[in-house]
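**Q** The sequence and its predicted three-dimensional model are supplied below.
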Amino acid sequence: MVKKFSRVNSFEGKAMKQKIFFIVIAALASGCLFCSRQERVSAGSDTYGEGELAGEEDPSFESVARYFPPLLHPREAVGVPAHPHDIGVREDGSLEFTDDASAADALVCRFQVGEPPLPFAADQTRVIRRLLDGWLPVVIISYKNESLVYEQTVFGYSDGFRTDSDLSAFVRFSVENSGEKARSTALRVVWKPAGDEHRVRLTVLPGETAAVFWRLPYESRGRSAIEPISEQIFEARLSEVKEFWQNWISKGMGLNLPEAVVAQAWKAWLCFSSLNVDQKNDKYEAHDGIGFYEAIFGYSAALYAHALDLWGRPNEAERVLDTLISYQNKDGLYTQNYGLPDHGALLFALAEHFRLTRNTDWLRRVAPNIVAGGEWILSQREAARKDRKNRTAVAYGLIRFRPYCDYPDPAIDYYADAYTCLGLEEAAAALEWLSDPAAKRFKAEAARYRQDLLASMKRAAIERDGQKILPLEPETHRLLKSTNYRAGGYYGLVASMLLESGFLEPKNKQALWITDFMEKRGGLILGLCEFDGGIDHAYTYGYLLTQLQRDEVKRALLGFYAMLAYGMSRNTYSGVECTQIKTGENALTLPHLYSASQQLRLLRMLLVRETDDSLLLAYGIPRSWLAQGNKVSLQNGPTRFGPISFEMISGIDEGEIAVNIDPPKSGPRIKLCLCSPLSKPMAAVHVDRRSWKRFSGEIIDLGRPSKRILVQVNYQP
């Protein structure tokens, strides 16, 4: 993406205007609309984040969430996975029956209560918002007005949960009387812009609750239909919905975590992101939004497929990948509504799908697409070497192309080239499994591409105010100029995406330049990428992954918990793009697919991470997860070496932690990190009840087990 102000098509233009509106509102609220960029973005370090990192304890959700207010404008969606339609749930409980929420004629169902009628849940200070069982896509909004508590429960349903069946919203509206006298109240449903109304009057005795139940069809019975239903029908459908989603969530990798906010959030991310996917005939289109961004953005969609693979949902990933390659040009190029990173990200996602599934039949089927994609890169590299514009020292061999959404003009951009080089490397590695003759050529050209890129970076580096800086667009310094040579704004977002590609080793000097610049020159707020005085949290994934790879776990956790606190609605975990973190103002870009993908990828990396020949277990988890009596378990987690399961049981107060591990049968080296919450040193380690000497600090090198093992760790008193 960075789809801040997308210029893709007419719908995206509407989304752009909506986003600009909310950024303007946020700026007005913070009193900085007419401030200079230098005034709005601190030239210094991340004051709040560095304060958190200075503490003895790991950052936690509670510690990070205390600084600023939550999102002021939550929004969720309900529906059925991959259904072509979804229903948006606004902050006041209004329901959106539209694929374009910004359109003037978008059909919205509004709820009003009392006499005279007032908008339901209009006063957010008296609203409690949650998901059923903490994570199910069943939105519950409670609103108290004097002695009456109004509560709306809404979910989406289609017959058999099929994508070709009509979608409906099922709504329960209840009124509880906590007073001492009987109360009469009115409920009114108003369709805009149709103007149709439906009214109900309820009398509620003291201490009792009355309720009405409705089904609101998305389209099959008329655009403003409302059907009263019985409580029995509502409860029967709700029971079906609960059973469906519980079965659906159990099909992938399973996690049992001791921290409720995280244990609920990962399930909600998977559920909401499944609604971002629309099945259209035989295609499964992964859109970045619901009611906004209703287009495929290639880079984001490819990373979503990767997130699905990491979470053990290969069939869903495959459907998304098959859809993306169906849009590949005859010359092998894939780019869709975004830019050059689409191409590299798709090749990366295709290769990673094979690495995580080892499905050679599938690989053979898509090999022609991979070969075509690699050949396109080779042709572009050859053309670039001959292009006079590319004969400068910093442009030689690099591909001049649209770098991403918001900057459509062709440019030399390190983020775009890094992903393209990565894609060629990944294509070569995948094709080697098939002994495809293209693999050798791709591998050799990828090595030359890497050398050209690193040489360009070396030449392009500048020094300003004693700070080493890597311009991301070396010919123009456009992103640096846009921020007055600060590390926030588009520079930080794009720099983090460059890091995310993995092109730069974590401790490579160019990677160190980037992270140092972001940390010291206004690139971060509470560990998240700064944008327009606020944050754009999902784009921080590359920065946080790099810190995790450097064993800077506290920095990774700072960003992870700040994402939970400020990158999504609290209690409903609906991810957003763009938040004015200090005021809580946010764009209505939620639930946001790219946010869910990056949050899912980061959490997985905290628990399981691969290196070239090793699996690293629990290297990024908070120390609090191993407090006395806690259990942390992961079941059937896909890795490049095969599936893994493990369970950690803490008896730290008695001086012991036990870990059961079911390793991949391929027998990779496994290293286990046990971050004691009491910071006690290990005294002894036993593997299958035999003394084990290969441990140091908090790391145990378990060698290459190929069958289930029990690790018991004893701590010094």
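**A** Here it is on my side, so go on.
**Q** In the protein, what helix or strand scores lowest on average pLDDT?
**A** Ranking every helix and strand in the chain by mean pLDDT, DSSP states H and E puts helix 37-40 at the bottom, with a mean of 31.
**Q** What's the first helix or strand after it?
**A** helix 47-54 (DSSP states H and E).
**Q** could you pull out the strands for the stretch 1-150 of the chain?
**A** Along the stretch 1-150 of the chain, the segments classed as strands by DSSP state E, counting those that start in this stretch run 76-78, 87-89, 95-97, 107-113, 118-119, 127-131, 139-145, 148-157.
**Q** Could I get those strands in a markdown table, plus columns for distance to residue 647, mean pLDDT and mean neighbour count?
**A** Where C-beta positions appear, they are placed from N, C-alpha and C, glycine not excepted. Below are the strands of the stretch 1-150 of the chain laid out as a markdown table (distance: least, C-beta to C-beta, whole Å; pLDDT from 0 to 100; neighbours: other C-beta atoms under 10 Å):
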| stretch | distance to residue 647 | mean pLDDT | mean neighbour count |
| --- | --- | --- | --- |
| strand 76-78 | 32 | 98 | 25 |
| strand 87-89 | 36 | 97 | 26 |
| strand 95-97 | 42 | 95 | 23 |
| strand 107-113 | 45 | 93 | 20 |
| strand 118-119 | 48 | 89 | 14 |
| strand 127-131 | 27 | 96 | 18 |
| strand 139-145 | 32 | 94 | 20 |
| strand 148-157 | 33 | 97 | 22 |
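**Q** Compare those strands and give me the one nearest residue 391.
**A** Closest to residue 391 of the strands of the stretch 1-150 of the chain is strand 76-78 (C-beta to C-beta; 50.2 Å).
**Q** just checking, what packs against that closest one?
**A** Packing partners of strand 76-78 (3 or more C-beta pairs under 8 Å, 6 or more residues apart in numbering; DSSP states H and E): strand 87-89, strand 148-157, helix 260-275.
**Q** May I see the buried residues of whichever helix or strand comes after the longest one?
**A** Same thing as helix 260-275. Note on helix 260-275: by DSSP H and E, the next helix or strand toward the C-terminus is strand 277-280. By 16 or more other C-beta atoms under 10 Å, the buried positions in strand 277-280 come out as 277-279.
**Q** before we move on, back to that, of the strands of the stretch 1-150 of the chain, give the one that comes closest to residue 67.
**A** So among the strands of the stretch 1-150 of the chain, strand 127-131 is nearest, using C-beta to C-beta, at 20.9 Å.
**Q** Give me the contacts around that closest one.
**A** Residues from elsewhere that reach strand 127-131 (C-beta atoms under 8 Å, 6 or more residues apart in numbering): 74, 76, 91, 121, 137-143, 264, 268, 569, 571-573.
**Q** Just send the helices and strands packed on strand 76-78 back as JSON lines, with distance to residue 697 too.
**A** As requested, those are exported to JSON lines (distance: least, C-beta to C-beta, whole Å):
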{"stretch": "strand 87-89", "distance to residue 697": "47"}
{"stretch": "strand 148-157", "distance to residue 697": "48"}
{"stretch": "helix 260-275", "distance to residue 697": "25"}
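**Q** For residue 316, find the nearest of those.
**A** With respect to residue 316, and counting by C-beta to C-beta, the nearest of the helices and strands packed on strand 76-78 is helix 260-275 at 7.6 Å.
**Q** Could you list every helix and strand that the closest one packs against?
**A** Applying 3+ C-beta pairs under 8 Å, 6+ apart, we find helix 260-275 packed against strand 76-78, helix 231-249, strand 254-256, helix 553-566, helix 593-607.
**Q** List of residues touching the second one?
**A** In this case it means helix 231-249. Identification of contacts with helix 231-249 by C-beta under 8 Å, 6+ apart yields 81, 132-133, 135-138, 153, 155, 157, 161, 170, 172, 211, 213, 215, 267, 270-271, 274.
**Q** Ok, the fourth one next?
**A** By C-beta under 8 Å, 6+ apart, the list of residues contacting helix 553-566 from outside reads 49, 52-53, 58-61, 63-65, 68, 70-71, 261-262, 265, 526-528, 535, 537-538, 540, 543-545, 547-548, 570, 573, 579, 581, 599, 602-603, 606, 619-620, 622, 675.
**Q** taking these one by one, which sit in helices?
**A** Among the contacts of helix 553-566, DSSP state H puts 49, 52-53, 61, 63-65, 261-262, 265, 543-545, 547-548, 599, 602-603, 606 in helices.
**Q** what's the neighbour count on residue 194?
**A** As a burial measure, residue 194 scores 14 neighbours (other C-beta atoms under 10 Å).
**Q** That one contacts residue 107, correct?
**A** Yes. Judged on C-beta atoms under 8 Å, residue 194 makes contact with residue 107 at a distance of 6.9 Å.
**Q** For stretch 337-352, what is the distance to the chain centroid?
**A** Computed by C-alpha atoms, centre = their mean, to the nearest Å, the chain-centroid distance of stretch 337-352 equals 17 Å.
**Q** hang on, residue 60 packs against residue 624?
**A** Yes. Assessed by C-beta under 8 Å, residue 60 is found in contact with residue 624 at 6.6 Å.
**Q** Neighbour count: the two, which is higher?
**A** Neighbours per residue (other C-beta under 10 Å) separate residue 60 from residue 624, with residue 60 holding more: 19 against 15.
**Q** so who does that one touch?
**A** Residue 60 touches 561, 622, 624, counting by C-beta under 8 Å, 6+ apart.
**Q** Out of the strands of the stretch 1-150 of the chain, which is closest to residue 698?
**A** In terms of C-beta to C-beta, the element of these nearest to residue 698 is strand 127-131, at 35.2 Å.
**Q** now residue 368: how far from residue 326?
**A** Distance, residue 368 to residue 326, using C-beta to C-beta, to the nearest Å: 13 Å.
**Q** repeat for residue 714
**A** For residue 714, the distance to residue 326 - C-beta to C-beta - is 56 Å.
**Q** Between these two, which has more neighbouring residues?
**A** Set side by side, residue 714 and residue 326 show unequal neighbour counts under other C-beta under 10 Å, the larger going to residue 714 at 15 against 11.
**Q** hang on, the earlier thing: output the helices and strands packed on helix 260-275 in a markdown table, with distance to residue 462 appended to each entry.
**A** Listed next are these as a markdown table, based on distance: least, C-beta to C-beta, whole Å:
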| stretch | distance to residue 462 |
| --- | --- |
| strand 76-78 | 45 |
| helix 231-249 | 49 |
| strand 254-256 | 44 |
| helix 553-566 | 25 |
| helix 593-607 | 29 |
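**Q** Indicate which one of these is closest to residue 689.
**A** strand 254-256 (25.0 Å).
**Q** buried ones in the longest helix seen in the chain?
**A** The single longest helix within the chain, with elements called by DSSP H, is helix 360-386. Of all the residues in helix 360-386, those buried under the rule 16+ other C-beta under 10 Å are 362-363, 366-367, 369-378, 380-381, 384.
**Q** Give me the helices and strands touching that helix, please.
**A** helix 314-325, helix 341-357, helix 414-432, helix 438-460.
**Q** Distance across stretch 567-579, terminal residue to terminal residue?
**A** End-to-end span of stretch 567-579 (C-alpha to C-alpha, to the nearest Å): 7 Å.
**Q** Could you do stretch 703-717 as well?
**A** End-to-end distance of stretch 703-717 (C-alpha to C-alpha): 28 Å.
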